[in-house]
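Q: Here's a sequence, model it:
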Amino acid sequence: MNPVQDYASLITRRHFFQSGASGIGAAALASMLPGAANGATATTGGLSDLPHFAPKAKRAIYLFMAGGPSQMDTFDYKPDMAKNPEKYFDKDLPDSIRKGQRLTTMTSGQDRLPVAPSMFKFSQHGKNGVWISDILPHTAKMVDDLAIVRSVQTEAINHDPAITFFCTGNQLPGRASLGSWLSYGLGTENQNLPAFVVLTASWTGRKVAQGLFNRLWGSGFLPSRHQGVLLRNTGDPVLFLANPPGVSENMRRKMLDTLSEMNHREFDRFGDPETQARIAQYEMAFRMQSAVPELVNTADEPKHVLDMYGPEVHTPGSFAASCLQARRLAERGVRFTQIFHRGWDQHAEIATDLPNQCRDVDQACYALIQDLKQRGMLDDTLVIWGGEFGRTIYSQGQLTKTNYGRDHHPRCFSMWLAGGGIKPGVEYGKTDDYSYDVIENPVSVHELNATIMHCLGVDHSRLSYKFQGLDMKLTGVEAQHPVKALLR
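A: Coordinates of the predicted model:
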């Protein structure tokens, strides 16, 4: 084999421009390292021209309710249905409301689409008398801290593409996730921990839940060191973090130094940026050996803080324990933490499963907001709560006055935001009398992501990455705008 031809076949277009001159090649090499001077800041490892403007939030915590919480049973109160349930109960959803919108295969074969008014009571809370379901009593206490958006819309009607769309801006796999974009652009304030950390919490609702795939926190076409790092619920928080028996820290350091030399030679030969990503990841793993055990050890937490999160905070892997870890990650400079809580897919048994799900998260969400506030961190920490879509007003399967199920619904659903850059005590958007469609101030997934990035000082239209000849963006190719009414 001709070695020149073999070498040429491995050169990428990016490598050609990076190594066309020794100065450019050296700059590209330096920019891949945390703390490098060219293309990154010494303190965060982000891009040199970010943030684009002064951020209100330094970090974000995304509480993702995987499965699709029912908006009309939690945040989207329908007063006429509540006062006159017999007017709606078991009546067919009017064609004038549905307007021919598509159904999933789970209800498209039903003979009827019978309306099921919420069986849960609502009451008013806060300075503005915000209506909140009684199955969220702790959330109700903090409505003055929240911006509740009742008019979120999405393009997807099934779980996997819908969650992928929320997390990566596209229904198809292979794109970079929101956390990876923020890691790439802004880096982290703690070089001993990843910029993007993921936790998957246990749940007590529907036991058979939609699977989660690591592409939801993957880096896609971005350098792989920007992918989310999953902290496990049991055993070692990160696999292979501890040295194997017989391997000392000094020995581990020598092994990594030798491996680094080999990888640098590999980079000099082929110019593959992923080689530099491997070097950075190995070094991060070494530093995490001391940082992660300290992170997950909550023995130093005061009793009154643990009590605020509730008894489940002592159960490893619970949502409460995950929220406490998210706060600890935030105060250690982690840029983006995402907690996935599954089990919100109530196709049946909503009378028991939905209250269980709310009980899992309600007190912990309240505690997280209060914990951040009392530490002076809420003003510069953005918190987001929501799922991939909502639920239908009509029942899936058998409808009774004491139980029913709801199908997937992408046309309107509710989310809330709080903290860095968000106006507190705001209610935004409105749906029709059936919580079936948005009639005022719709908010798309791209607009929501643009809003999140804006709070962190990022102009979403200016953060792009060249891939396959395209300038890839989290928010797609069409013009999108942050929701100004939510911003302070």
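
Q: C-terminal to the lowest-mean-pLDDT helix or strand in the chain, which secondary structure element comes first?
A: Every helix and strand of the chain was ranked by mean pLDDT, DSSP states H and E. The lowest is helix 22-31, at a mean of 37. As assigned by DSSP states H and E, the chain's next helix or strand after helix 22-31 is strand 59-65.

Q: measure the nearest residue to residue 315 once chain neighbours are set aside to residue 367 for me?
A: Nearest non-adjacent residue to residue 315, counting by CB to CB, 6 or more residues apart in numbering: residue 321, 6.1 Å away. Where you see a C-beta, it was placed from the backbone N, CA and C, and this is true even at glycine. Distance from residue 321 to residue 367, counting by CB to CB, to the nearest Å: 11 Å.

Q: do residue 378 as well
A: For residue 378, the distance to residue 367 - CB to CB - is 12 Å.

Q: got it, and residue 230?
A: Separation of residue 230 from residue 367 (CB to CB) stands at 23 Å.

Q: And those two? Which one has more around it.
A: For residue 230 and residue 367, the more surrounded residue by other CB atoms under 10 Å is residue 367, and the numbers stand at 23 against 19.

Q: What's the local residue count around residue 90?
A: As a burial measure, residue 90 scores 17 neighbours (other CB under 10 Å).

Q: can you list residues touching both of residue 321 and residue 367?
A: Taking CB atoms under 8 Å, 6 or more residues apart in numbering as the contact rule, residue 321 and residue 367 both touch residue 309.

Q: Now stretch 122-130: buried residues?
A: Using 16 or more other CB atoms under 10 Å as the test for burial, stretch 122-130 gives 122, 125-126, 130.

Q: Restricted to strands, list these.
A: Judged by DSSP state E, these include 122, 125, 130 as members of strands.

Q: For residue 390, state which of those residues is nearest.
A: Proximity of these to residue 390 (CB to CB) peaks at residue 122, which lies at 16.4 Å.

Q: confidence score at the closest one?
A: Among the per-residue scores, residue 122 holds a pLDDT of 98.

Q: Also residue 356?
A: 97.

Q: how about the strands of the stretch 151-300 of the chain, start to end?
A: In the stretch 151-300 of the chain, the strands defined using DSSP state E, counting those that start in this stretch lie at 196-201, 229-231.

Q: Under a three-state scheme, what state does residue 346 occupy?
A: coil (DSSP: H, G, I helix; E, B strand; the rest coil).

Q: Then the one 5 residues further on?
A: When the structure is split into helix, strand and coil by three-state DSSP, residue 351 lands in helix.

Q: Contact partners for the nearest residue to it once chain neighbours are set aside?
A: Counting by CB to CB, 6+ apart, residue 351 lies nearest to residue 403, which is 4.4 Å off, once chain neighbours are set aside. The contact partners of residue 403, taken as CB under 8 Å, 6+ apart, are 348-352.

Q: Can you say which of those are buried?
A: In those, burial by neighbour count holds for 348, 350-351, counting by 16+ other CB under 10 Å.

Q: Export the residues you listed as CSV, with columns for pLDDT and distance to residue 413.
A: Formatted as CSV, the buried ones among the contacts of residue 403 follow (pLDDT from 0 to 100; distance: CB to CB, whole Å):
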residue, pLDDT, distance to residue 413
348, 95, 19
350, 96, 15
351, 96, 20
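
Q: Run through who's touching the helix or strand hosting residue 132.
A: Residue 132 is part of strand 130-133, with elements assigned from DSSP H and E. Residues outside strand 130-133 that contact it (CB under 8 Å, 6+ apart) are 73-75, 77, 79, 118, 120-125, 139-140, 143, 148, 358, 427.

Q: what do you get for stretch 369-382?
A: Here stretch 369-382 makes contact (CB under 8 Å, 6+ apart) with 55-61, 142, 145, 305, 308-309, 324, 327, 330-331, 383, 417-422, 452, 455-456.

Q: List buried residues within those.
A: Neighbour-count burial (16+ other CB under 10 Å) is assigned, among those, to 55-61, 142, 145, 305, 308-309, 324, 327, 330, 383, 417-422, 452, 455-456.

Q: Sounds good, over and out.
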